[in-house]
Each structure stands twice: as C-alpha cells, then as structure tokens.
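K.L.:
Predicted structure and sequence below. I'll ask about it afterward.
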Amino acid sequence: MPVSRRLSQGWTTGSAVRLTFGLTTALGLVLGYLGIADSHDLPPWDIIYWDLQFFTLDSDSLEGLQSLSWKLQFARFVIPMATFYAIAEAGRHIFSGQWRRRKIRRLQGHVLVSGNGTAAAL
C-alpha cells in the first residue's frame with residue numbers, strides 16, 4: 001500500500017472511513033432511541049425495534065408527530081446512510097477481483113522475465 005494512503009499508526013483511509021461511519025451510525029442509533037423515547041410512551045423493546053427500522057427506511061414510528069426533534073432528524077438521515085454505505089462496500093468487495101483482472105488484462109508496455117539465469121538477475 002502506498003505511503004500516501006497511510007495515516008498515523010498504520011491506519012489506512014479505508015479503515016478510517018469505516019470507523020467514522022460506524023461511530024456515526026452508533027450515535028444515530030442512540031439519538032434515535034432517545035428521540036423515540038421522548039416522543040412515545042413505549043416499552044424499551046418497542047423503541048429498539050422502531051429505532052432499527054430506520055435502517056430499512058421505514059419511519060412508521062414518526063407518523064402522527066407534528067414536529068420532529070433534532071435527535072430524530074439526525075437519526076432518520078444518518079442511519080439509512082449506513083445502509084447505503086454497507087451496500088456500496090459489499091459491491092466493492094464483490095467486484096474487486098473482476099476490476100483487478102480487467103486492469104491486469106489492459107497492462108501494456110512491460111516485459112516479464114522469468115528464469116534463474118543472468119538475464120533474470122539483471
């Protein structure tokens with residue numbers, strides 16, 4: 001991996017992005033739980049269920065509310081972004097082998113030397 005892509009302590013930009021999305025998603029879940037708990041009088045398991053529904057772009061828990069708190073606004077926009085990021089990462093992982101093979105097929109202008117003789121040592 002190129003040195004320019006490395007951050008401090010051996011972290012890559014990809015792992016820093018994944019950590020940022022993970023922390024933002026966790027914050028969205030906490031704020032979504034608190035926002036639903038403030039606006040509805042429900043048992044904790046129902047609040048958790050409704051909070052997890054934000055991943056599927058389902059916001060039935062918000063129906064009937066006149067105004068949404070900043071906690072719910074944050075959660076309903078940030079949590080679905082985690083879903084889209086996971087789909088993009090899965091696609092990148094699935095197709096990375098195909099992209100690598102295509103790139104290798106298109107390489108030109110290089111010489112491949114194999115063997116153990118003097119020409120290979122140069």
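P.N.:
Cool, got the structure. Just so we're clear, the structure is a prediction, and the values are computed from it rather than from any experiment.

K.L.:
Residues contacting the lowest-mean-pLDDT helix or strand in the chain, please?
P.N.:
Every helix and strand in the chain was compared by mean pLDDT, DSSP states H and E; the lowest is helix 118-121, with a mean of 72. Identification of contacts with helix 118-121 by CB atoms under 8 Å, 6 or more residues apart in numbering yields 113-114. From N, CA and C alone the C-beta is placed, and that goes for glycine too.

K.L.:
got it, and stretch 52-72?
P.N.:
Under CB under 8 Å, 6+ apart, the answer for stretch 52-72 is 28-29, 31-32, 34-36, 38-40, 50-51, 75-76, 79-80, 82-83.

K.L.:
before we move on, the earlier item: buried stuff in the least confident helix or strand of the chain?
P.N.:
With burial defined by 16 or more other CB atoms under 10 Å, not one residue of helix 118-121 is counted as buried.

K.L.:
Output the longest helix belonging to this structure.
P.N.:
helix 70-105 (DSSP state H).

K.L.:
What are the buried residues along that one?
P.N.:
So for helix 70-105, counting by 16+ other CB under 10 Å, buried means 71-72, 74-76, 78-80, 82, 85.

K.L.:
What does Val113 show for phi and psi?
P.N.:
phi -110, psi 130 (degrees, to the nearest 10).

K.L.:
Quick check: closest non-adjacent residue to it.
P.N.:
The shortest distance from Val113 to any non-neighbouring residue, by CB to CB, 6 or more residues apart in numbering, is to Ala120 (5.2 Å).

K.L.:
Can you give me the neighbour number for Val113?
P.N.:
9 (other CB atoms under 10 Å).

K.L.:
now it: how far from Trp50?
P.N.:
Computed with CB to CB, to the nearest Å, the distance linking Val113 and Trp50 is 63 Å.

K.L.:
Ok, Leu34 next?
P.N.:
Applying CB to CB to Leu34 and Trp50 gives a distance of 12 Å.
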